[in-house]
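K.L.:
3D, please:
(one chain, ligands or ions: 1)
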Amino acid sequence: MEAKRLTGEKATEYIKSDMIIGLGTGSTAYYAIKKVGELVKTGLKIKAVPTSKETAQLAAEAGIELVELAEVDKLDLTIDGADEVDQNFNLIKGGGGALLREKIVASATEKLIIVVDESKLVDYLGDFDLPVEVTKFSWQYTKRMIEKLGCTAKLRQANQNKYITDNDNYILDCDFGKIKDPAGLALKLNQLPGVVENGIFAGMTDLVIVGYKNGQVKVLKAQS
Ligand SMILES: O=C(CO)[C@H](O)[C@H](O)COP(=O)(O)O
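P.N.:
Numbering: from 1, shown residues only. Sure thing, here's the model as predicted:
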């Protein structure tokens, strides 16, 4: 908890007045959003694009002015969490179900800052099942197509019902084992009919801020 707070708050040091920022989803991004709310109250002037309905509500409650993605050309900076981060800064995201909007916002942003605690750092992606957002119409067919790529896929449930995303789709959580070629797998997945988006974020991250149990925070820069 403390590690998540430290990293979430540290990321807000990169925000300057007049920026348009993206706000991620999840328990680590939560601390960044809360901190941005405090900064806004003391004079920071920013506008934010939320990556989920949950984040939109949290940000509005914190007094942050929200804008639609449609209203902006680009975002200056986005702060978001991740489920796994490998040594090349490839990510698995979507544990919280917001991967589609998160990927769109990440792609529209100049600087993507990922905030994680140390438990999220891995050598290879894949211990965490890869979330893939699929259409309701095709999910059984799309599941079979995804499994042909070498995984077992499970339809995500919430309170004994099918989990439904903010975009009215389903999520398949896919166990691929160790993912040796994240960018290649992401491309293959997105070519399958019925796949809306997958949770691999390859080559998008600029900074990873890691919070440690002992209170340390490290800022890691992507190699360009
Ligand atoms: O991708 C996400 C939501 O779709 C989250 O960023 C990811 O699940 C990490 O969440 P947390 O900070 O709660 O561990």
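
K.L.:
neighbours of Gly63, just the number please.
P.N.:
By the criterion of other C-beta atoms under 10 Å, Gly63 has 11 neighbours. To be clear about C-beta, it is placed using only N, CA and C from the backbone, and glycine gets the same treatment.

K.L.:
near the ligand at all, the longest strand along the chain?
P.N.:
Longest strand of the chain, by residue count under DSSP state E: strand 109-117. No - using C-beta under 6 Å from any ligand atom, we find that strand 109-117 stays clear of the ligand, coming within 7.1 Å at best.

K.L.:
beta partners for Phe201?
P.N.:
Applying DSSP bridges to Phe201 gives these bridge partners: Leu91.

K.L.:
measure it to the ligand for me?
P.N.:
With distances taken as C-beta to the nearest ligand atom, to the nearest Å, Phe201 is found 9 Å from the ligand.

K.L.:
so what's that residue up against?
P.N.:
Phe201 makes contacts with 82, 90-93, 102-103, 106, as judged by C-beta atoms under 8 Å, 6 or more residues apart in numbering.

K.L.:
how far out from the middle of the chain is the helix ranked longest in the chain?
P.N.:
Determined from DSSP state H, the single longest helix within the chain is helix 29-41. Relative to the chain's own centre, helix 29-41 is displaced by 17 Å; criterion: C-alpha atoms, centre = their mean, to the nearest Å.

K.L.:
would you mark the buried spots in it?
P.N.:
Of all the residues in helix 29-41, those buried under the rule 16 or more other C-beta atoms under 10 Å are 29-37, 39-40.

K.L.:
what comes up buried for the longest strand of the chain?
P.N.:
Neighbour counts over strand 109-117 (16+ other C-beta under 10 Å) mark 109, 111-117 as buried.

K.L.:
which one of these sits closest to Gly8?
P.N.:
Val115 (5.1 Å; C-beta to C-beta).

K.L.:
between the buried residues of helix 29-41, which is closest to the ligand?
P.N.:
Ala29 (5.9 Å; C-beta to the nearest ligand atom).

K.L.:
and stretch 195-208, C-alpha only, in CSV?
P.N.:
Extracted C-alpha coordinates of stretch 195-208, given in CSV (Å, rounded to 0.1, in the frame of the first residue of the first chain):
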residue,chain,number,x,y,z
VAL,A,195,-10.4,-9.0,-30.6
VAL,A,196,-10.9,-5.4,-29.6
GLU,A,197,-7.6,-4.9,-27.9
ASN,A,198,-5.0,-6.8,-25.9
GLY,A,199,-3.2,-5.9,-22.7
ILE,A,200,0.4,-5.9,-24.0
PHE,A,201,1.8,-2.4,-24.1
ALA,A,202,5.1,-2.8,-26.1
GLY,A,203,7.4,0.1,-26.6
MET,A,204,5.1,2.7,-25.2
THR,A,205,6.6,3.5,-21.8
ASP,A,206,9.0,6.4,-21.1
LEU,A,207,9.4,6.1,-17.4
VAL,A,208,8.8,3.4,-14.8
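
K.L.:
in it, which residues are buried?
P.N.:
195-202, 204-208.

K.L.:
likewise stretch 65-80?
P.N.:
69, 75-80.

K.L.:
on that earlier part again, what helices or strands is the longest helix of the chain leaning on?
P.N.:
Helices and strands touching helix 29-41, by 3 or more C-beta pairs under 8 Å, 6 or more residues apart in numbering; DSSP states H and E, are helix 2-11, strand 20-23, helix 53-61, strand 75-80, strand 109-117.

K.L.:
no further questions, thank you.
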